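In: how would this look folded up:
(4 chains)
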Protein chains: 2
Amino acid sequence: MQLNRPAPLAIQVAKSLRKLLQRSEYITGGRLPSEPELAAQFGVSRGTIREALAMLEREGMIFRRHGSGTYVNKHALRIQARIEAALEFSELLRQAGFDASIQLVQAEIEPLPPDIASLLDTDTDTPALFVKKLFLADDQPAIYCIDVIPERLIQSPYTEEELQRPIFDFLKTHCNESVVNVWAEIIPEIAEEELTRLLEVDPCKPLIRLEEVSFNSLNLPILFSRVYYKDQFIRFSVLRKKV
Amino acid sequence: MQLNRPAPLAIQVAKSLRKLLQRSEYITGGRLPSEPELAAQFGVSRGTIREALAMLEREGMIFRRHGSGTYVNKHALRIQARIEAALEFSELLRQAGFDASIQLVQAEIEPLPPDIASLLDTDTDTPALFVKKLFLADDQPAIYCIDVIPERLIQSPYTEEELQRPIFDFLKTHCNESVVNVWAEIIPEIAEEELTRLLEVDPCKPLIRLEEVSFNSLNLPILFSRVYYKDQFIRFSVLRKKV
DNA sequence: GAGTGGTCTAGACCACCAG
DNA sequence: TGGTGGTCTAGACCACTCT
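Out: I've put the predicted structure just below:
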């Protein structure tokens, strides 16, 4: 059994601060205590505090003014789903305020087409597991997802029930793989035939399609996903930095 | 006149490393020198090196393995346009390999509708400058953009020619404002009427629409933008982190 | 001038990976 | 076992803002 080592101090501090920011007590005028004060309060060094604040700043929770202070960003409140965070779909829907459920559409072994094979650093026609799932928000279809895993990665037999659980769990359990990074392309799409039926939308309705390749800690591609999102249920946001 | 202070060491180091990574010399087997080695080579502390490497890791250029080393991420090469980087459109098109040109479609003062007024923390019907521009990639329409600036921010008269230049330049010159952050929503859209004409696409073609609010260093909203991208010219990527 | 965040350093100890 | 990246500290100096 693997023990949970304590999380780095900066992450613990960031988590504490996130909670404190949501209940906006102890902050007067949207301003946080100074770095030395926070360091004293948490009993850590200023460097650790700065690391925690840098995380919150990247998330858009706070902003900082040199010579003045650190402030709560009130404009961050409207945000629904941050695209940089690769969440389970069910979790995503839950955070957006819906009840989430999963419906397995199809699961089968098929040879990889050239485009996906290339993205997975694999030969064309290598057999792979294709899992098609529908995610319901309050019982209405919201997300349709096709996951593709090369069959050679799968090390133990699985049941149909297990395919309905998050694909990341499946990768952990049956492939002994953990996803660290996900590269995604953002593509606008028109619903057609199969999609209109599955997602129950009118023909010619716009959707967001994400084409994703998931990598493990060795930076090897282990999963390809093609995901369609209905804008009515999930709208992604992103904090862009001027360069 | 304002002098350019030297950039932070970590940023200079990151810039050097980016160049070195593109020409893949001096790296054997995709592995970078160790942190102490890099610190010695650049003549800076290990902390500064780690800060630079953290930037490159967030950009997806490298990945790191505890106890093993720092490696070049060969999968980062396919990337076109990173959505986290808020670039000028012309620069974006140029990086995607096109010749970029700008066409002013319309500029006028109009009262703010409620939705945009709310995003800009302003009262409905406040007068604002609406600038509509078309960005051409190799002389074909690729991006259509509507910029909205509250009129009260504009402090000096401007010419039509200046409206054709990047809006960030306009904000600097005539509003004395600099954009630091941009909050964006990613929305799938179907081209209709005006859009099909301006972007020269078939009706019912899918587009990416970004709805953006730009903030200055005091975190005050100063600009609203509604931007339509043709997927054939610009496709956004994002590096997502498993949470 | 006092206080804030921004930069940078040197040093320590640890967990992890490889031979 | 030696080298790697990961964490954490204390301290210094600077640039900036506010009053």
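
In: which residues sit in contact with the spatially most distant residue from the centre of chain A?
Out: For chain A, the residue at maximal distance from the C-alpha centroid (CA atoms, centre = their mean) is A:Gly67, at 35.3 Å. Applying CB atoms under 8 Å, 6 or more residues apart in numbering or on different chains to A:Gly67 gives no contacts. All C-beta spots, glycine's among them, are computed from the backbone N, C-alpha and C.

In: domains of chain A?
Out: A:9-78, A:81-237 (automatic domain parsing).

In: Pick the most deeply packed of those domains.
Out: A comparison of those by mean neighbour count, using mean count of other CB atoms under 10 Å in any protein chain shown, puts domain A:81-237 on top with a mean of 17.

In: and the end-to-end length of that domain?
Out: In domain A:81-237, first residue to last residue: 6 Å (CA to CA, to the nearest Å).

In: can you tell me if it touches DNA strand D.
Out: No: on the criterion CB under 7 Å from any atom of the strand, domain A:81-237 is out of touch with DNA strand D, staying 10.0 Å away.

In: quick one: buried residues of the helix or strand encompassing A:Lys241?
Out: Using DSSP states H and E, A:Lys241 falls within strand A:236-242. Using 16 or more other CB atoms under 10 Å in any protein chain shown as the test for burial, strand A:236-242 gives A:Phe236, A:Ser237, A:Val238, A:Leu239, A:Arg240.

In: Which stretches in chain A count as helices?
Out: A:9-22, A:35-42, A:46-58, A:89-95, A:114-119, A:160-163, A:167-175, A:193-199 (DSSP state H).

In: now those helices in TSV, with distance to A:His75?
Out: As requested, these are exported to TSV (distance: least, CB to CB, whole Å):
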stretch	distance to A:His75
helix A:9-22	13
helix A:35-42	23
helix A:46-58	13
helix A:89-95	19
helix A:114-119	36
helix A:160-163	40
helix A:167-175	31
helix A:193-199	31
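
In: Need those in TSV (columns: mean pLDDT and distance to B:Leu171).
Out: Shown next, in TSV, are the helices of chain A (pLDDT from 0 to 100; distance: least, CB to CB, whole Å):
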stretch	mean pLDDT	distance to B:Leu171
helix A:9-22	94	29
helix A:35-42	97	31
helix A:46-58	98	22
helix A:89-95	94	34
helix A:114-119	97	40
helix A:160-163	93	51
helix A:167-175	95	43
helix A:193-199	93	40
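
In: check contacts around A:Pro203.
Out: A:Ala191, A:Glu192, A:Thr196.

In: circling back: what pLDDT does the residue farthest from the centre of chain A get?
Out: On the pLDDT scale, A:Gly67 is placed at 97.

In: Could you measure from it over to B:Ser217?
Out: Counting by CB to CB, to the nearest Å, the gap between A:Gly67 and B:Ser217 amounts to 12 Å.

In: do you know which of the domains of chain A lies nearest DNA strand C?
Out: DNA strand C lies closest, by CB to the nearest atom of the strand, to one member of these: domain A:9-78, at 3.3 Å.

In: and stretch A:101-119, does that touch chain B?
Out: No: against chain B, stretch A:101-119 shows no contacts by CB under 8 Å from any CB of the partner chain, the least distance being 8.7 Å.

In: And that stretch, end to end?
Out: The first residue of stretch A:101-119 is 30 Å away from its last residue (CA to CA).

In: and the closest residue to DNA strand D within chain A, how far is that from A:Asn73?
Out: Residue of chain A nearest DNA strand D, by CB to the nearest atom of the strand: A:Gly67 (2.4 Å). Per CB to CB, A:Gly67 is found 18 Å from A:Asn73.

In: what's the residue farthest from the centre of chain A sitting at in phi/psi?
Out: A:Gly67 adopts backbone torsions of phi 80, psi -10, taken as degrees, to the nearest 10.

In: show me the contacts for the spatially most central residue of chain A.
Out: Compute the mean C-alpha point of chain A, and by CA atoms, centre = their mean the closest residue is A:Ala86, 1.4 Å away. By CB under 8 Å, 6+ apart, the contact list for A:Ala86 reads A:Val179, A:Val182, A:Ser214, B:Arg240, B:Lys241, B:Lys242, B:Val243.

In: Make sure the fifth one is actually in contact with A:Ile83.
Out: Spelled out, it's B:Lys241. No: contact criterion CB atoms under 8 Å: B:Lys241 and A:Ile83 do not qualify, at 10.8 Å.

In: what does chain A have sitting close to DNA strand C?
Out: A:5, A:32, A:34-37, A:46-47, A:50, A:64-70.

In: same thing but 10 Å
Out: With CB under 10 Å from any atom of the strand as the criterion, chain A meets DNA strand C at residues A:2-3, A:5-6, A:31-39, A:45-47, A:49-50, A:53-54, A:57, A:62-71, A:217-218.

In: A:Phe63 bridge partners, please.
Out: With DSSP bridges as the criterion, A:Phe63 is bridged to A:Tyr71.

In: how near is it to A:Leu21?
Out: Using CB to CB, A:Phe63 is found at 12 Å from A:Leu21.

In: how much space between the residue farthest from the centre of chain A and A:Leu32?
Out: Counting by CB to CB - A:Gly67 and A:Leu32 are separated by 15 Å.

In: Also A:Cys175?
Out: Separation of A:Cys175 from A:Leu32 (CB to CB): 43 Å.

In: Also A:Met61?
Out: According to CB to CB, A:Met61 and A:Leu32 sit 10 Å apart.

In: Common neighbours of the two, please.
Out: Between them, A:Met61 and A:Leu32 share the contacting residues A:Val72, judged by CB under 8 Å, 6+ apart.

In: Apart from its chain neighbours, what residue comes closest to the residue nearest to the centre of chain A?
Out: Computed as CB to CB, 6 or more residues apart in numbering or on different chains, the closest residue to A:Ala86 that is not its neighbour in sequence is B:Arg240, at 3.9 Å.

In: Enumerate the beta-bridge partners assigned to that neighbour.
Out: Beta-bridge partners recorded for B:Arg240 (DSSP bridges): A:Val182.

In: Am I right that it is in contact with A:Leu87?
Out: No: between B:Arg240 and A:Leu87 there is no contact under CB under 8 Å: 9.0 Å.

In: still on that earlier bit, widest-spaced pair of the contacts of A:Ala86?
Out: Comparing every pair within these by CB to CB identifies A:Ser214 and B:Val243 as the most remote, at 13.2 Å.

In: give me every residue that touches A:Met61.
Out: Contacts for A:Met61 (CB under 8 Å, 6+ apart) come out as A:Arg18, A:Leu21, A:Val72, A:Asn73, A:Ala76.

In: Kindly report the same for A:Ile222.
Out: A:Ile222 touches A:Leu120, A:Ile149, A:Pro150, A:Leu153, A:Leu171, A:Cys175, A:Glu177, A:Val179, A:Ser214, A:Phe215, A:Asn216, counting by CB under 8 Å, 6+ apart.

In: try it again with 6 Å
Out: Taking CB atoms under 6 Å, 6 or more residues apart in numbering or on different chains as the criterion, A:Ile222 is in contact with A:Glu177, A:Ser214, A:Asn216.
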